[in-house]
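**Q** Okay, structure incoming, though there's no sequence with it:
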């Protein structure tokens, strides 16, 4: 039988656990690799269901062209009548850190003070936060090109490649966290919490939970990881944090999502990252008694 599902992606290594789960269940599927691709807007869709697994961090792997093609494809698929999970609205939100802050503000959920800018001097004239502060790409992805700045002068001396991929940056309030507690990442599937985990980064910004990037067995990473990151199941996550995550997911039109927050020294809960491409960790799911990729397959079957 012809496949009813297409997985859109740019990083096949990240998708292998999902592909394996689909194959174990005997589910026919197609793949669409965004690295080198083309599509006729009048000839899509080819399958009734599409699952977008593209990542904003494609540009750090030399695949800058994957993101704009993906967004164009998603829009054409939706116009053509396909059902698209994590479609153009969700992907557009993931691509824009400033839009994420705007959404959090609208929802009344705690967020870091932020300023989007394309000129350092203008940013310094308008910045109302203190120092140190974080600077990150508007498009973001895998913690790439993030810097902790200790003074205004450092903002004027950023490396040129910091401005990639779209020459738009975000200056953001910095909250130190308890190193032993790290941050919290909640994974959502179909609008509901799948699991939560604590992420201890040891100062690293790349918190990608993919086991390809951060192998659970300590094997060599397939990504440019400088510092190790640790992931721990977090079954005690507060119910109101989950409720806030559910509101973010619903407002952002996210079918699958990873939502991150930190706990500030004054007790405030600060949400700072909304991820549509969610790389699940099998060991965390197993700690809760299930295979997270099997749960994703279950969800995909309900959408076919």
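**A** Everything's here; your move. Fair warning: this is a prediction, and the values are worked out from it, not measured in the lab. Numbering: from 1, shown residues only.
**Q** Now do the strands in the stretch 201-304 of the chain.
**A** With strands called from DSSP state E, counting those that start in this stretch, the stretch 201-304 of the chain shows them at 230-233, 256-263, 269-275.
**Q** buried ones in the host helix or strand of residue 197?
**A** Secondary structure from DSSP states H and E places residue 197 in strand 192-200. The neighbour-count check on strand 192-200 (16 or more other Cβ atoms under 10 Å) flags 193, 194, 195, 196, 197, 198, 199, 200 as buried. Where C-beta positions appear, they are placed from N, C-alpha and C, glycine not excepted.
**Q** Distance to residue 56 and pLDDT for those residues - can I get that in CSV?
**A** Below are these laid out as CSV (distance: Cβ to Cβ, whole Å; pLDDT from 0 to 100):
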residue, distance to residue 56, pLDDT
193, 23, 98
194, 21, 98
195, 23, 98
196, 22, 98
197, 21, 97
198, 24, 97
199, 18, 94
200, 24, 93
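**Q** closest one to residue 135 among the strands of the stretch 201-304 of the chain?
**A** Smallest distance to residue 135 across the strands of the stretch 201-304 of the chain (Cβ to Cβ): 13.6 Å, for strand 269-275.
**Q** can you tell which of the strands of the stretch 201-304 of the chain is closest to residue 134?
**A** That would be strand 269-275 among these, by Cβ to Cβ, at 9.1 Å.
**Q** Direction included, what does that closest one pair up with?
**A** With DSSP bridges as the test, strand 269-275 is paired with strand 256-263 (antiparallel).
**Q** next one: the partner strand to chain centre, how far?
**A** 9 Å (Cα atoms, centre = their mean, to the nearest Å).
**Q** Do I have it right that residue 291 meets residue 24?
**A** No: look at residue 291 against residue 24 with Cβ atoms under 8 Å: they stay out of range, at 9.8 Å.
**Q** Neighbour count: those two, which is higher?
**A** residue 291 (15 against 12; other Cβ atoms under 10 Å).
**Q** which residues touch the closest residue to the more buried one other than its chain neighbours?
**A** Distances taken as Cβ to Cβ, 6 or more residues apart in numbering put residue 285 closest to residue 291, at 5.8 Å, once the chain neighbours are dropped. Residue 285 is in contact with 194, 195, 291, 292, 293, 295, counting by Cβ atoms under 8 Å, 6 or more residues apart in numbering.
**Q** same check, this time on residue 133
**A** Per Cβ under 8 Å, 6+ apart, neighbours of residue 133: 127, 148, 149, 171, 172, 173, 174.
**Q** if we can go back for a sec, and the residue nearest to residue 291, how far is that from residue 293?
**A** 8 Å (Cβ to Cβ, to the nearest Å).
**Q** So, low pLDDT: which residues of the chain?
**A** 142, 203-227 (pLDDT under 70).
**Q** Outline the domain layout of it.
**A** The chain resolves into domains spanning 5-93, 114-173, 177-290 when parsed by automatic domain parsing.
**Q** quick revisit: what's the closest of the contacts of residue 285 to residue 11?
**A** residue 293 (15.4 Å).
**Q** Can you tell me the number of residues neighbouring that closest one?
**A** 20.
**Q** give me every residue that touches it.
**A** Counting by Cβ under 8 Å, 6+ apart, residue 293 makes contact with 17, 18, 20, 21, 280, 282, 285.
**Q** give the contact list for the closest residue to residue 53 other than its chain neighbours.
**A** Take residue 53 and drop its neighbours on the chain: the residue closest to it by Cβ to Cβ, 6+ apart is residue 9, 4.4 Å away. Residue 9 sits next to 15, 31, 32, 33, 34, 53, 54 when contact means Cβ under 8 Å, 6+ apart.
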